[in-house]
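1. Here's a sequence, model it:
(one chain, ligands or ions: 1)
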Amino acid sequence: MASEHAFHSDPLLRVRDLCVDYITDDGHFRAVKSVSFDIGRGEVFGLAGESGCGKSTIAFSVNNLHKPPAYISGGEIWLEERNLRTLSNKELAAVRWSEIAMVFQSAMNSLNPVLTIEEQFVDVICHHKGWTRAEAIDRAYKMLDLVNIPRDRLRDYPHQFSGGMRQRLVIAIALSLSPKLIIMDEPTTALDVVVQREILQQIFTLKEEFGFSVLFITHDLALMTQLSDRIAIMRHGEIVEVNTSKEIRQNPQHEYTQKLWASFPNIHDREGSKAKFEQGATA
Ligand SMILES: Nc1ncnc2c1ncn2[C@@H]1O[C@H](COP(=O)(O)OP(=O)(O)OP(=O)(O)O)[C@@H](O)[C@H]1O
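-> Next comes the predicted model:
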């Protein structure tokens, strides 16, 4: 049974008893086992746990982007008043990007190599918002400002940017439609530590400005407590503990959460790094 901490008084997304299976040669393998949680408006909700525990499977199924052999075998996913599981493909396509955007570890490679960044902004914005090209470019400039990329780079191609810049461009494109929820699955893991930190600080600042909610996924619990409001700890497809970031950090209840922490030096280091991160984020 999910703990009371799994729920929120002002939910944007409600996941209830979600089950996701993979069809394998040996039969059905249940990767997500009756998982329930809310993500509040403007909240950063973290999903942590060891490799293979089902984090990415949840990320994909929330947006109905899971592909065979995965299928949702039970449960409900509500975005505000809509049960996403009952929407048609056309209705879901409208929700994707404009209401729920996703940024993945390899997202920087998802930019189209033969199109300029300008064309990619225009494609996404005109398609989803029906704006004119001039309006889309104006929006693109504003988004570049937000992620600290000079406006005159808009006509460049993806290969002309560093990995960190490409990842920031993907985030800028994702945010250009003002989604209500942004799903970030290990969004910076492929980057070096300094760039990771810089990008996460930027996301933190943008969230304050735009008020979107975030589903943040990483196996790195220390990093997660720096960024999240609440955290769910997953193990073998189940949520074993949900609590505020502070409680997960200072007072982990479940034995497995305690074990995850055991790989980090000590609680004072965790506190220190959080304070430093927040200072940096607001600087
Ligand atoms: N295409 C697939 N076919 C069969 N099983 C799969 C498939 N993709 C994932 N799984 C299994 O589903 C489970 C959950 O995988 P998932 O990728 O969601 O975990 P994760 O927590 O995101 O892991 P990581 O941190 O390594 O990305 C794992 O046991 C994995 O082996």
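2. use CA for all of it now, contacts and neighbours both
-> Will do.
3. For stretch 40-54, what is the distance to the chain centroid?
-> Mean C-alpha position of stretch 40-54 versus that of the full chain (C-alpha atoms, centre = their mean, to the nearest Å) differs by 8 Å.
4. Endpoints of it, how far apart?
-> 21 Å (C-alpha to C-alpha, to the nearest Å).
5. Check whether whatever residue of the stretch 151-283 of the chain ends up closest to the ligand sits in a helix, strand or coil.
-> Residue nearest to the ligand within the stretch 151-283 of the chain: His219 (5.9 Å; C-alpha to the nearest ligand atom). For His219, the assignment made with DSSP: H, G, I helix; E, B strand; the rest coil gives coil.
6. Those residues of the chain touching the ligand, which are they?
-> Contacts of the chain with the ligand, taken as C-alpha under 6 Å from any ligand atom, map to 22, 24, 31, 51-57, 69, 219.
7. What sits closest to Ile125 if chain neighbours are left out?
-> Ala136 (5.9 Å; C-alpha to C-alpha, 6 or more residues apart in numbering).
8. that older thread, list the residues that contact the residue of the stretch 151-283 of the chain closest to the ligand.
-> 48-51 (C-alpha atoms under 8 Å, 6 or more residues apart in numbering).
9. Okay, buried residues for the helix or strand hosting Val35 please.
-> Secondary-structure element containing Val35, defined by DSSP states H and E: strand 27-40. Within strand 27-40, the residues that count as buried by 16 or more other C-alpha atoms under 10 Å are 30-40.
10. before we move on, back to that, helix or strand: which one has the residue nearest to Ile125?
-> helix 133-146.
11. Ala232 contacts Ile239, doesn't it?
-> Yes - counting by C-alpha atoms under 8 Å, Ile239 is a contact partner of Ala232 at 6.3 Å.
12. Show me how the record splits the protein into domains.
-> In the domain annotation for the chain, the residue ranges read 4-99+179-282, 100-178 (automatic domain parsing).
13. Switch those over to TSV; also include mean pLDDT.
-> Output for the domains of the chain, formatted as TSV (pLDDT from 0 to 100):
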stretch	mean pLDDT
domain 4-99+179-282	87
domain 100-178	91
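14. Restricted to buried residues, select the residues of the chain next to the ligand in ChimeraX.
-> To isolate the buried ones among the residues of the chain next to the ligand in ChimeraX, judged by 16+ other C-alpha under 10 Å, type:
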select :22,31,53,54,55,56,57,219
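15. sorry, back to before: could you identify the helix or strand that succeeds the strand holding Val35?
-> strand 44-48.
16. Out of the contacts of His219, which is nearest to the ligand?
-> Closest to the ligand, out of all of the contacts of His219 and judged by C-alpha to the nearest ligand atom, is Ser51, at 3.6 Å.
17. residues contacting the closest one?
-> The contact partners of Ser51, taken as C-alpha under 8 Å, 6+ apart, are His219.
18. which stretches of the stretch 1-150 of the chain form helices?
-> Taking DSSP state H, counting those that start in this stretch as the test, the helices found in the stretch 1-150 of the chain are 55-62, 89-95, 117-129, 133-146.
19. Using PDB, write out every CA atom in the helix or strand containing Val195.
-> Per DSSP H and E, Val195 falls inside helix 193-210. Provided in PDB are the C-alpha atoms of helix 193-210 (Å, rounded to 0.1, in the frame of the first residue of the first chain):
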ATOM      1  CA  VAL A 193      30.100  16.800 -13.700                       C
ATOM      2  CA  VAL A 194      30.600  20.500 -14.100                       C
ATOM      3  CA  VAL A 195      28.200  20.700 -17.000                       C
ATOM      4  CA  GLN A 196      25.700  18.500 -15.300                       C
ATOM      5  CA  ARG A 197      25.600  20.800 -12.300                       C
ATOM      6  CA  GLU A 198      25.300  23.900 -14.500                       C
ATOM      7  CA  ILE A 199      22.300  22.500 -16.400                       C
ATOM      8  CA  LEU A 200      20.500  21.200 -13.300                       C
ATOM      9  CA  GLN A 201      20.900  24.700 -11.800                       C
ATOM     10  CA  GLN A 202      19.400  26.200 -14.900                       C
ATOM     11  CA  ILE A 203      16.400  23.800 -14.700                       C
ATOM     12  CA  PHE A 204      16.000  24.700 -11.100                       C
ATOM     13  CA  THR A 205      15.900  28.400 -12.000                       C
ATOM     14  CA  LEU A 206      13.600  27.900 -15.000                       C
ATOM     15  CA  LYS A 207      11.200  25.900 -12.800                       C
ATOM     16  CA  GLU A 208      10.900  28.800 -10.400                       C
ATOM     17  CA  GLU A 209      10.100  31.100 -13.300                       C
ATOM     18  CA  PHE A 210       7.700  28.900 -15.300                       C
END
